[in-house]
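[1] Turn this into a model:
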Amino acid sequence: MTKYTIYFCTLFNLGFISSMPGTLGSLVAIPFGYLILKYHGIWLLIFTVITLIIISFFLISKYLQMNENNDPQEIIIDEFVGQLIALIFISDQIIDLFACFFLFRLFDILKIFPVNKAEKIPGAVGVIADDIVAGLMAGTILIIFNILG
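    Numbers count the residues shown, from 1 in each chain. As a prediction, this is how the structure comes out:
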């Protein structure tokens, strides 16, 4: 496993320095994604998410080959990507940033259906899939909140 695989999967080793690495990965994603949205628009954020999912699959697969744990907690690129997915659905209101973070972490931590099913998929797909589903669920709730006012 190369140091670049480790850096990518752990967000430049942030996954090693926290007792709550997933939350840290999500927090780092908020300003990153928000700045992309604000200055470059939703399409670049979507492109970034798709690109990160593809790269994550390959590099997490490499990481897992060298690790006995099926989903090491230091891998936080998946939380980063999941949080970016949820950001796709925010409105222009600052409260949406907080709601986006809270909802994503809620679904990711509690593993509410269908997140729990996605997590059981073996290998890198399962590592990434639960966070993708949690991000989509958070985004769906944000859309509903914004429609209802």
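
[2] Show me the helices in the protein, by range?
    Secondary structure of the chain, counting by DSSP state H: helices at 3-9, 21-40, 42-65, 77-87, 94-110, 115-119, 123-148.

[3] which of these sits most buried?
    Comparing these by mean neighbour count (mean count of other C-beta atoms under 10 Å), helix 77-87 comes out on top with a mean of 27. For every residue, glycine as well, the C-beta is placed using N, CA and C.

[4] Now do that helix and helix 42-65, the angle between them.
    Orientation check (axes from the mean of the first three to the mean of the last three C-alpha atoms, to 10 degrees): helix 77-87 against helix 42-65 gives 160 degrees.

[5] pretty sure residue 61 contacts residue 123?
    Yes - with contact defined as C-beta atoms under 8 Å, residue 61 counts as touching residue 123 (6.5 Å).

[6] shared neighbours, these two?
    Between them, residue 61 and residue 123 share no contacting residue under C-beta atoms under 8 Å, 6 or more residues apart in numbering.

[7] Spit out the contact partners of the spatially most central residue of the chain.
    What sits nearest the mean C-alpha location of the chain, by C-alpha atoms, centre = their mean, is residue 82, with 2.3 Å. By C-beta under 8 Å, 6+ apart, the contact list for residue 82 reads 26, 104, 108, 130-132, 134-135.

[8] same thing with residue 139?
    Per C-beta under 8 Å, 6+ apart, neighbours of residue 139: 85-86, 88-89, 100.

[9] Likewise for residue 101?
    Contact partners of residue 101, counting by C-beta under 8 Å, 6+ apart, are 26-27, 30, 83, 86.

[10] got it, and residue 129?
    118-119, 121.

[11] For stretch 39-47, which outside residues touch it?
    33, 36-37, 84, 87-88.

[12] mind checking how far that stretch is from the chain centre?
    Chain-centre distance of stretch 39-47: 16 Å, with C-alpha atoms, centre = their mean, to the nearest Å.

[13] Ok, stretch 136-144 next?
    The answer for stretch 136-144 is 14 Å, by C-alpha atoms, centre = their mean.

[14] Ok, stretch 70-82 next?
    Per C-alpha atoms, centre = their mean, the centroid offset for stretch 70-82 relative to its chain is 7 Å.
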